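Asker: Curious how this folds, go ahead:
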Amino acid sequence: MSHQTHQTHQSHQSHQSHQAQQTRRSAVWALLVTGVAGFMAALDNLVVTTALPAIREDLGGALDDLEWTVSAYTLTFACLLMFGAALGDRFGRRRLFIAGLTVFTGASAAAALAPGIGSLIAARAVQGVGAAVMMPLTLTLLTAAVPAAKRGTVYGIWGAVNGLAVASGPLIGGSLTEHVSWHWIFWLNVPLGLIALPFARLRLAESYGAGARLDIPGTLLASGGLFGIVYGLVRGPSDGWTDAVVLTALSAGGALLVAFTVYGSRAVNPMLPMRLFRSRAFSGINAASLLMFVGMFGSIFLLSQYMQGVLGYSPTDAGLRMLPWTGMPMLVAPLAGFLSDRVGGRPVVAAGLLLQAAGLGYLACVVTAHATYAAQLPALVLSGAGMALYFAPAASLVMASVRPHEQGIASGANNALREVGGALGIAVMSSIFSAYGGYTSPRSFVDGLRPALITGAAVVALAALAALAALAIPSRPTGPKPLPDDAPAPALETMPG
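Answerer: The predicted model follows:
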């Protein structure tokens, strides 16, 4: 009898060991597949910036066309982000993740093969659609595959991979543009996607979410409103602010966004419940995020062209020289996390935004047609340190501003607003650039760049004030408390997209 008991115990231990190995393998595969997908989506936010002069030389196009090569991606990504997550919850996260990855990979190939600037912009918009479906599902798939005790470590690795993609975006884009061609910033995604697709099908487990919201009216209102605003801002400098099309786009976009706000306050299950904004904490961190990305994205868009077109750096050299800004979060994030634990997230976020504003203001003072890199370096370091101090506690502030069952919606909204901020920043700061300068000479470029950077600094400083004022007295929104079983997995914050 004791012999049989011993055999049974050994068999049970062997079964447990086999299950543990299976769980570890599933977690590793999930991290690899979702990490590759997240890297691709995050990389494409900034990888285009250092390739813009080469794209302009090869395909032609004016400033507004260059704006759309970036904004077409960020805008569709922002508008469909929460809808993509809801589709995955409703119809299967693995199934929709594979669909999004397929669309993103195919659109990357289309962008690489684009014969003109119009087809490139269209391909970039489709890329954004794929990313919007794929990106929010990476975390939920990873959460389902990883034991709760290991999730903190795995989330950290996933976040670091995304941070690396953002930091290396300008450098990778510049290196490929200089040593191969700008087409390869898009071709790079194709083998990565083709390798990840079969492993996603074979190694990821299917899962579904409870209470998924498919808010088609809200998605259409938000998408139409944002497109109208951005289109009007992009076309205004070239067509004139009194042009009928520009005025129609701005007014129609504004009206649709007002309608989206009214709809979100009255609908039963809206994509973004407006009651969340009754919380001063939630309103404050989202206002700060939106304004921060307006200043940051618009500045990077213009500075990458300044370094190449005015200072004469190669695309690779320009990417390397942007690293003190884009790469600083990788170094400063641990310190920022430590500080937020000691003094709280609000003062760290505000300090980060003020540093970012100081960096942009400093750049506005030192940019000339012959500025040395040494003169610019302190400003880039200040901006990078400020970005890191903002990112580290921002996610926890968003999560703390709402009830646990609302964290998935809150995080998705924050990510979407940041992408919107990026698109608006490029449109607004390019409009200011066009009003005061242009591409005709180095002096003309600097004449336009300086007021744009001053505007960016002012906007980010306003973000700091919004964070300080609105987060001073945290409050939670009102609303019914559902059962804990309904709680969705919170979406992980990414840098910057």
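Asker: Quickly list the domain ranges of this structure.
Answerer: Using automatic domain parsing, the domain parsing of the chain gives 21-213, 216-268, 275-477+486-497.
Asker: Need these in TSV (columns: mean neighbour count).
Answerer: Where you see a C-beta, it was placed from the backbone N, CA and C, and this is true even at glycine. Compiled in TSV, those are given as follows (neighbours: other Cβ atoms under 10 Å):
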stretch	mean neighbour count
domain 21-213	21
domain 216-268	17
domain 275-477+486-497	22
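Asker: roughly how far is the host helix or strand of Thr143 from the heart of the chain?
Answerer: Taking DSSP states H and E as the criterion, Thr143 maps to helix 117-145. Here helix 117-145 shows a centroid-to-chain-centroid distance of 11 Å under the convention Cα atoms, centre = their mean, to the nearest Å.
Asker: Likewise for stretch 388-402?
Answerer: 15 Å.
Asker: Okay, helices next: where are they in the stretch 151-300 of the chain?
Answerer: 151-179, 184-187, 189-203, 216-239, 244-266, 280-309 (DSSP state H, counting those that start in this stretch).
Asker: For Ala350, find the nearest of the ones you listed.
Answerer: Nearest to Ala350 among the helices of the stretch 151-300 of the chain is helix 280-309 (8.3 Å), distances taken as Cβ to Cβ.
Asker: average pLDDT across the closest one?
Answerer: Averaging pLDDT along helix 280-309 yields 88.
Asker: For it, name the packing helices and strands.
Answerer: With contacts defined as 3 or more Cβ pairs under 8 Å, 6 or more residues apart in numbering; DSSP states H and E, helix 280-309 has these neighbours: helix 52-59, helix 63-91, helix 315-326, helix 345-366, helix 373-400, helix 407-436, helix 442-470.
Asker: Contacts only, for Gly384.
Answerer: The neighbours of Gly384, taking Cβ atoms under 8 Å, 6 or more residues apart in numbering as the test, are Pro324, Trp325, Thr326, Gly327, Met328, Pro329, Val332, Gly359.
Asker: Looking at pLDDT only, which of the residues you listed scores worst?
Answerer: Among the contacts of Gly384, Pro329 has the lowest pLDDT, at 71.
Asker: Is it possible to get TSV of the helices of the stretch 151-300 of the chain that adds distance to Leu468?
Answerer: Formatted as TSV, the helices of the stretch 151-300 of the chain follow (distance: least, Cβ to Cβ, whole Å):
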stretch	distance to Leu468
helix 151-179	26
helix 184-187	39
helix 189-203	40
helix 216-239	27
helix 244-266	25
helix 280-309	8
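Asker: What pLDDT does the model give Val402?
Answerer: In this model, Val402 is scored at 76, pLDDT.
Asker: picking that back up, what is the nearest of the contacts of Gly384 to Ala41?
Answerer: Using Cβ to Cβ, Thr326 is the member of these that sits closest to Ala41, with 16.3 Å.
Asker: right, and that closest one touches Val47 too?
Answerer: No - in this structure Thr326 lies outside contact range of Val47 using Cβ atoms under 8 Å: 11.0 Å.
Asker: Please enumerate the shared neighbours of the two.
Answerer: When contacts are counted by Cβ under 8 Å, 6+ apart, Thr326 and Val47 have Gly169, Pro170 as shared neighbours.
Asker: check which helix or strand covers the residue lying closest to Pro442 once chain neighbours are set aside.
Answerer: Nearest non-adjacent residue to Pro442, counting by Cβ to Cβ, 6 or more residues apart in numbering: Ala369, 3.9 Å away. Using DSSP H and E, Ala369 is not contained in any helix or strand.
Asker: what's the spacing between Ala369 and Gly437?
Answerer: Using Cβ to Cβ, to the nearest Å, we find Ala369 at a distance of 11 Å from Gly437.
Asker: what do these two both touch?
Answerer: Common neighbours of Ala369 and Gly437 (criterion: Cβ under 8 Å, 6+ apart): Phe445, Val446.
Asker: pLDDT-wise, which helix or strand of this protein ranks last?
Answerer: helix 2-46 (a mean of 72; mean pLDDT, DSSP states H and E).
Asker: Quick one: distance of stretch 279-286 to the chain centre.
Answerer: 19 Å.
Asker: Use 42 as the first number for this chain going forward.
Answerer: Sure, I'll start counting at 42 from here, so that last one is stretch 320-327.
Asker: Can I get that stretch in PDB, CA atoms only?
Answerer: Provided in PDB are the C-alpha atoms of stretch 320-327 (Å, rounded to 0.1, in the frame of the first residue of the first chain):
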ATOM      1  CA  SER A 320     -12.600  62.900 -11.200                       C
ATOM      2  CA  ARG A 321     -10.200  65.800 -11.000                       C
ATOM      3  CA  ALA A 322      -7.300  63.200 -10.900                       C
ATOM      4  CA  PHE A 323      -8.400  61.500 -14.100                       C
ATOM      5  CA  SER A 324      -9.100  64.800 -15.900                       C
ATOM      6  CA  GLY A 325      -5.700  66.200 -14.800                       C
ATOM      7  CA  ILE A 326      -3.500  63.300 -15.800                       C
ATOM      8  CA  ASN A 327      -5.200  63.000 -19.200                       C
END
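Asker: SS state for Thr481?
Answerer: coil (DSSP: H, G, I helix; E, B strand; the rest coil).
Asker: ok, so what distance separates it from Ala426?
Answerer: Taken as Cβ to Cβ, the span from Thr481 to Ala426 is 35 Å.
Asker: quick one on the thing from earlier: tell me which residues touch the residue nearest to Pro483, please.
Answerer: Contacts for Ala410 (Cβ under 8 Å, 6+ apart) come out as Val351, Pro483, Arg484, Phe486, Val487.
Asker: a markdown table for those residues, including distance to Arg459?
Answerer: Formatted as a markdown table, these follow (distance: Cβ to Cβ, whole Å):
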| residue | distance to Arg459 |
| --- | --- |
| Val351 | 29 |
| Pro483 | 32 |
| Arg484 | 34 |
| Phe486 | 28 |
| Val487 | 29 |
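Asker: Tell me the one of the contacts of Gly425 nearest Arg244?
Answerer: Relative to Arg244, the closest of the contacts of Gly425 is Pro370; by Cβ to Cβ it sits at 30.1 Å.
Asker: if I read this right, that closest one contacts Ala429, doesn't it?
Answerer: Yes - under the criterion of Cβ under 8 Å, Pro370 makes contact with Ala429 at 3.9 Å.
Asker: Go through the helices of the stretch 192-341 of the chain and find the least confident stretch.
Answerer: helix 192-220 (a mean of 78).
Asker: Just want the angle from it to helix 93-100.
Answerer: Orientation check (axes from the mean of the first three to the mean of the last three Cα atoms, to 10 degrees): helix 192-220 against helix 93-100 gives 50 degrees.
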